[in-house]
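**Student:** below: sequence and its predicted model.
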There are 2 protein chains.
Amino acid sequence: MNRIPAHPDPAEIALQQVLEALVDPVRRSIVTQLAQAAEDVKCGGFDLDVSASTATHHFKVLREAGLIRQYYVGTSRMNSLRDEEFEQVHPGLLGAIVAAESSRRPRKPVG
Amino acid sequence: MNRIPAHPDPAEIALQQVLEALVDPVRRSIVTQLAQAAEDVKCGGFDLDVSASTATHHFKVLREAGLIRQYYVGTSRMNSLRDEEFEQVHPGLLGAIVAAESSRRPRKPVG
């Protein structure tokens, strides 16, 4: 049983949708924490100042923009950054945004 | 007499403001046309599907985000892309966006 909707190919996502995903500071924080994490992060493992249901919405926007992949391990929904695929489509874009976020505010370790 | 407001240092602009400037397709078109132009472009010289007053608003947002520089030559307000300054602050970001826009829709020559 697949509990996660299909993941679009990043090559099919318009830049407009990508930027609308990344203009939100919570979503940039999710992407940056994933980029800094040593491994994939479960939905409850992020340091975010929003409710769980709001966070779920943000994960959905990122997934539909081709930026993250979600999958289950047991009952935990895990998130991984699709940075390598994304780099093929928009070289430099994600790295520049993560670098700017990382320099702005060091985050607590996620886990 | 200085008819143009001050231009902020790109290093002082938060990434949030930069992305809010670049999430608008008309403003991305302005930036992309400037990047592709051989020389600076007057405000009336862009290929834009908006009124002159709307375009003026978009130029202001880009100027305040540190992305363009405006100056007068006679009665013409000219625009130049601050790409080299911006690259120092956010390496790769502007180039990635311009590249994505350029591949999406070739524009008519401006002038």
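**Tutor:** Now that the structure is in, tell me what you want to look at. Values in this document were obtained by computation on a predicted structure and should not be read as measured data.

**Student:** can you pull out the strands in chain A?
**Tutor:** Assigned by DSSP state E, the strands in chain A fall at A:41-42, A:68-73, A:76-81.

**Student:** want to throw those into a markdown table with distance to chain B and mean neighbour count?
**Tutor:** C-betas here are computed from N, CA, C, even on glycine. A markdown table is the format used below for the strands of chain A (distance: least, C-beta to the nearest C-beta, whole Å; neighbours: other C-beta atoms under 10 Å in any protein chain shown):
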| stretch | distance to chain B | mean neighbour count |
| --- | --- | --- |
| strand A:41-42 | 22 | 18 |
| strand A:68-73 | 18 | 16 |
| strand A:76-81 | 16 | 18 |
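
**Student:** could you dump those to JSON lines with distance to residue B:55?
**Tutor:** JSON lines is the format used below for those (distance: least, C-beta to C-beta, whole Å):
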{"stretch": "strand A:41-42", "distance to residue B:55": "43"}
{"stretch": "strand A:68-73", "distance to residue B:55": "36"}
{"stretch": "strand A:76-81", "distance to residue B:55": "37"}
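
**Student:** can you redo those strands as TSV with mean pLDDT?
**Tutor:** Output for those, formatted as TSV (pLDDT from 0 to 100):
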stretch	mean pLDDT
strand A:41-42	96
strand A:68-73	96
strand A:76-81	96
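
**Student:** quick one: the residue lying closest to residue A:10 once chain neighbours are set aside from chain B, how far?
**Tutor:** Leaving aside its chain neighbours, residue A:10 sits nearest to residue A:66 (3.6 Å; criterion: C-beta to C-beta, 6 or more residues apart in numbering or on different chains). From residue A:66 across to chain B, the span is 13 Å (C-beta to the nearest C-beta, to the nearest Å).

**Student:** also residue A:75?
**Tutor:** Taking C-beta to the nearest C-beta, one finds residue A:75 at 35 Å from chain B.

**Student:** which residues touch residue A:91?
**Tutor:** Going by C-beta atoms under 8 Å, 6 or more residues apart in numbering or on different chains, residue A:91 touches B:92, B:96, B:99.

**Student:** give me that answer again for 10 Å
**Tutor:** B:92, B:95-96, B:99-100 (C-beta atoms under 10 Å, 6 or more residues apart in numbering or on different chains).

**Student:** what's the pLDDT at it?
**Tutor:** Per-residue pLDDT puts residue A:91 at 89.

**Student:** that's all I had, so thanks and see you.
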